[in-house]
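In: 3D, please:
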Amino acid sequence: MSVVWALADPWQREQIEQAHALAVEQAVGYMRERVPLVRRKYHGQVIEELANDLVAVEYRHTTARGVSGADVPDPQLHSHVVITSVVRDDGKIVAVASRPVFRAAGEVGAFYRSALAGELVRLGYPTEQSTGKNGKYFEVANVPEQLREAFSGRSREVARAADRFRALYGRSPERGELCDLALENRRSKHNTTRIDLDRAWRETGEQHAFGPAEATSLIGATSPGASRGDCRGSHRGTPDQTPRGVPGAGSEHGRVGADDRRACPT
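Out: Here you go, the predicted structure:
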């Protein structure tokens, strides 16, 4: 999705951003309805309960972390949603119970991807199912694989760190160790103008014969080996980091680039 967004004309970018926004809104609503965000004590026993509502702020990002040797970061449209507090059934605003949020990260991330795939299919984009690690993700179909790889520098960097870990210890890193590797290899963010980002991304697209015209041609195209109606869910996101409220979370606007990496950094 992020590759198509990065190389599309402004109207198509806005369309994809809206699909992302709706998927985030649905994911936050799913969390509010299914994840117990309130901890209360009754007669000495701590109970987790659903909240009546939640208060959160969303930060939308459009780039991945930078990698060594790259002039600009890769495109990655995603959002960070920070839950600041929750509303109990008695109307009192209290602190959020964070452990259930972390426990449900994979589930909410899967819901987001499914919702995003559904929104993109509704707009006419073809999708490929069961892609990525363990087949958990989806992709917008008919995007050149080499172009996807060209925009996956951060993933390659973490994969190389994991390979070095295997060579050193003779085994694959576990989840916590993989998170540590991601942190150790994470570069600090630098200010980059939108003009510089767009120029670099378009140059990469041209090297793979993919630009605004090809992005537009995806709408209404057929998925190879899949039906148009099958939208099971990849959400493959830094100049614009404007906070906004999350619908269903005590405000009017919103969006989550949730995935199942839980607390692992990117």
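
In: Not counting stretch 200-215 itself, show me its contacts.
Out: Stretch 200-215 is contacted by residues 3-4, 6-9, 12, 71-72, 75, 143-144, 146-147, 150-151 when judged by Cβ atoms under 8 Å, 6 or more residues apart in numbering. (C-beta placed from N, C-alpha, C; glycine too.)

In: Show me how to select, in PyMOL, the buried members of those.
Out: With 16 or more other Cβ atoms under 10 Å as the burial test, the buried ones among those are selected in PyMOL as follows:
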select buried, resi 3+4+6+7+8+12+72+75+143+147+150+151
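
In: Pick out the most distant pair among the contacts of stretch 200-215.
Out: Gln12 and Asp71 (24.5 Å; Cβ to Cβ).

In: still on that earlier bit, nearest to Glu174 among the contacts of stretch 200-215?
Out: Proximity of the contacts of stretch 200-215 to Glu174, judged by Cβ to Cβ, is greatest for Phe151, which lies at 27.9 Å.

In: quick one, what contacts the closest one?
Out: Ser2, Val3, Ala6, Asp74, Pro75, Trp201, Thr204, Arg236.

In: give me phi/psi at it?
Out: Main-chain torsions, Phe151, degrees, to the nearest 10: phi -100, psi 20.

In: How much space separates it from Gly170?
Out: 32 Å (Cβ to Cβ, to the nearest Å).

In: What is the lowest-pLDDT residue among the contacts of stretch 200-215?
Out: In terms of pLDDT, the least confident member of those is Asp71, at 79.

In: does the nearest residue to that residue once chain neighbours are set aside belong to a helix or a strand, and which?
Out: Closest residue to Asp71 in three dimensions, ignoring its sequence neighbours and counting by Cβ to Cβ, 6 or more residues apart in numbering: Ala200, at 5.8 Å. Secondary-structure element containing Ala200, defined by DSSP states H and E: helix 194-207.

In: Sort out which residues of that helix are buried, please.
Out: Of the residues in helix 194-207, those with enough neighbours to count as buried (16+ other Cβ under 10 Å) are Leu197, Ala200, Trp201, Thr204, Gly205.

In: Run the chain-centre distance for that helix.
Out: Centroid separation for helix 194-207 versus its chain: 21 Å, with Cα atoms, centre = their mean, to the nearest Å.

In: what's downstream of it, the next helix or strand?
Out: Scanning forward in sequence from helix 194-207, with DSSP H and E defining helices and strands, the next element found is helix 212-217.

In: Report how many residues lie close to Gly170.
Out: When counting by other Cβ atoms under 10 Å, one arrives at 7 neighbours for Gly170.

In: for Leu50, same thing?
Out: Counted by other Cβ under 10 Å, the residues lying close to Leu50 total 15.

In: part of a helix, is His80?
Out: No: secondary structure of His80 (DSSP: H, G, I helix; E, B strand; the rest coil): strand, not part of a helix.

In: Could you check which helix or strand contains Pro173?
Out: With elements taken from DSSP H and E, nothing contains Pro173; it lies in neither a helix nor a strand.
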